[in-house]
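> Got a predicted model here, sequence first, then my questions.
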Amino acid sequence: MVFYIYKIKNVNYIGSTNNINRRCINHKERCWGKSCKNYHCSVYQYIRKKNIDIELEILFCYNGNCSYKTQRLVEQYYINKYDSKNNGLNSDDAFCNRIKYLKQYRQENKDKMKLYYEKNKGKLINRAKKYYQINKERIEKAKKIRWEKNKEKRKKKINCPICKSLIRKYCLKAHQKTKKCLKIKNSNISQNEIDFKYNQTAYNEEGEFMNWY
Ligand SMILES: [Zn+2]
């Protein structure tokens, strides 16, 4: 399969396609067809304003098997090289970290998502239940594998930064809501005193390690 990265001539816009001619026609249709849903994209607004004849310059061509992810990465390389997102007419990155993208999306649409959830709560819960019922076996199996895999990780202990108690790392959040931890958090007790009282270790004024005993 052939895969191309192209730039629209005289426009800072990078794209990718498997068929240059078809893609060129496609750009023209979108640019000049008022009923097209992409008609108002900034790249087409620019082309109409400058009355540019759409031609595609091939920047990169690969003939062989390559994954969708690799294609997006190559495209992203050229978007970065030409700075066509910040200083050109590409509205999006070709490749972005999916987790990062979802995090950002959630941040930006927090209120909207909350409202949607409240409105469709019953429907969404039912859908999740149904999904679980259908995929029960697979979900439980994956859970078990995850549980086994993280066994060692869960055993790892750390000192709570507030009260210095030795606890399992994954319990930290829950621990910091306990009376014991909150009591220290809300007291005026100094870090040194905390070390002394709860960990039976502390440093004296010279910074030397002291033992409780
Ligand atoms: Zn604590």
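Sure thing, it's come through. Numbering: from 1, shown residues only.

> Mind telling me what element the closest residue to Ile139 other than its chain neighbours is part of?
Ranked by Cβ to Cβ, 6 or more residues apart in numbering and with sequence neighbours excluded, the top spatial neighbour of Ile139 is Tyr132, at 6.4 Å. C-beta here means a position set from N, CA and C on the backbone, and glycine is covered the same way. Per DSSP states H and E, Tyr132 falls inside helix 110-149.

> tell me which residues of the helix or strand just after that helix are tucked away?
Downstream of helix 110-149, the first helix or strand assigned by DSSP H and E is helix 151-155. By neighbour count, and taking 16 or more other Cβ atoms under 10 Å as the criterion, helix 151-155 has no buried residues at all.

> now stretch 158-168
For stretch 158-168, by 16+ other Cβ under 10 Å, it's Cys160, Ile162, Cys163, Lys164, Ser165, Ile167.

> out of the residues you listed, who's near the ion?
Cys160, Ile162, Cys163 (Cβ under 5 Å from the ion).

> domain assignment for this protein?
Following automatic domain parsing, one finds the domains of the chain at 2-95, 110-149, 157-211.

> Just put these in TSV and tack on mean pLDDT.
What follows is the domains of the chain, written out as TSV (pLDDT from 0 to 100):
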stretch	mean pLDDT
domain 2-95	92
domain 110-149	92
domain 157-211	73
